[in-house]
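Asks: Fold the following, please.
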Amino acid sequence: MISVVGTYQNRFIKLDKELSTDAPVKVIVTFLENIEIAEKKQINAK
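Replies: As a prediction, this is how the structure comes out:
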C-alpha cells in the first residue's frame, strides 16, 4: 500500500505525483478538510 497526495476539485482527483499501474487498483480517498456536500446521496458499502 502506498499514499499519494493530491487535490480533489469538480469531481476529479489530480495526484501531485504521476503514478502508473498495469491494472486498475482500488483506492481510499480521505478528505483532509471539512467539506460541504452539495447533493446528499446514500453510499452503500459492498
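Asks: how about the residue nearest the centre of the chain, secondary structure?
Replies: To find the centre residue of the chain, average its C-alpha atoms and take the closest one (C-alpha atoms, centre = their mean): that gives residue 29, at 3.7 Å. When the structure is split into helix, strand and coil by DSSP: H, G, I helix; E, B strand; the rest coil, residue 29 lands in coil.
Asks: what's the closest non-adjacent residue to it?
Replies: Counting by C-beta to C-beta, 6 or more residues apart in numbering, residue 29 lies nearest to residue 13, which is 6.8 Å off, once chain neighbours are set aside. The way it works is simple: take the backbone N, C-alpha and C, and place the C-beta from them, glycine included.
Asks: Can you verify my assumption that that neighbour contacts residue 28?
Replies: No. Under the criterion of C-beta atoms under 8 Å, residue 13 is not in contact with residue 28, lying 11.8 Å apart.
Asks: which of the two has more neighbours?
Replies: Neighbours were counted for residue 13 and for residue 28 using other C-beta atoms under 10 Å; residue 13 has more, 11 against 6.
Asks: Tell me how far residue 16 lies from residue 36.
Replies: Between residue 16 and residue 36 the distance, using C-beta to C-beta, to the nearest Å, works out to 24 Å.
Asks: who has more neighbours, the two?
Replies: Looking at residue 16 and residue 36 with other C-beta under 10 Å, you find the greater number of neighbours at residue 16, namely 9 against 4.
Asks: Grab the nearest non-local neighbour of that one.
Replies: On the basis of C-beta to C-beta, 6+ apart, the spatially nearest residue to residue 16 that is not a chain neighbour turns out to be residue 5, at 4.8 Å.
Asks: from the chain's centre, how far out does the host helix or strand of residue 13 sit?
Replies: In this structure, residue 13 is located in strand 12-15 according to DSSP states H and E. Remark: strand 12-15 is offset 7 Å from the chain centroid, using C-alpha atoms, centre = their mean, to the nearest Å.
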